[in-house]
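J.: pasting the structure only:
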Ligand SMILES: [Zn+2]
């Protein structure tokens with residue numbers, strides 16, 4: 001592979017379509033989307049994405065909204081229990 005972003009396995013589903021730059025952008029977003037994020041309530045890195053902007057911690061069960069593809073800013077926690 002040449003310089004630049006190494007193509008990830010998940011983006012290979014697009015084959016040669018949509019252009020390299022677009023596939024690189026999707027790869028960057030998807031890596032952040034699918035990794036475990038730090039929980040703003042219990043600080044355990046166990047937060048997974050449920051849907052667009054909805055995240056849930058599998059340790060303390062806190063469910064909260066944040067950004068669509070990542071939990072970057074610490075959101076205001078409202079307990080849904
Ligand atoms: Zn938690």
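T.: Thanks, I have the structure now. Predicted model only: the values in this text are computed from it and were never measured. Numbering: from 1, shown residues only.
J.: tell me which element the spatially most central residue of the chain falls in.
T.: What sits nearest the mean C-alpha location of the chain, by Cα atoms, centre = their mean, is residue 33, with 1.3 Å. Following DSSP states H and E, one finds residue 33 within helix 20-34.
J.: Output the contacting helices and strands for that helix.
T.: Packing contacts for helix 20-34, counted by 3 or more Cβ pairs under 8 Å, 6 or more residues apart in numbering; DSSP states H and E, involve no helix or strand. For glycine as for every other residue, the C-beta is placed from the backbone atoms N, C-alpha and C.
J.: tell me the angle whichever helix or strand comes after that helix makes with helix 20-34.
T.: Note on helix 20-34: by DSSP H and E, the next helix or strand toward the C-terminus is strand 47-51. Per axes from the mean of the first three to the mean of the last three Cα atoms, to 10 degrees, the angle that strand 47-51 makes with helix 20-34 is 110 degrees.
J.: what about strand 47-51, near the ion?
T.: No. Judged by Cβ under 5 Å from the ion, strand 47-51 makes no contact with the ion; its nearest approach is 6.7 Å.
J.: Report the residue ranges of every domain in this structure.
T.: Here the domain assignment for the chain is 7-36, 37-81, based on automatic domain parsing.
J.: Any chance of a markdown table for these, columns mean pLDDT?
T.: Formatted as a markdown table, the domains of the chain follow (pLDDT from 0 to 100):
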| stretch | mean pLDDT |
| --- | --- |
| domain 7-36 | 85 |
| domain 37-81 | 84 |
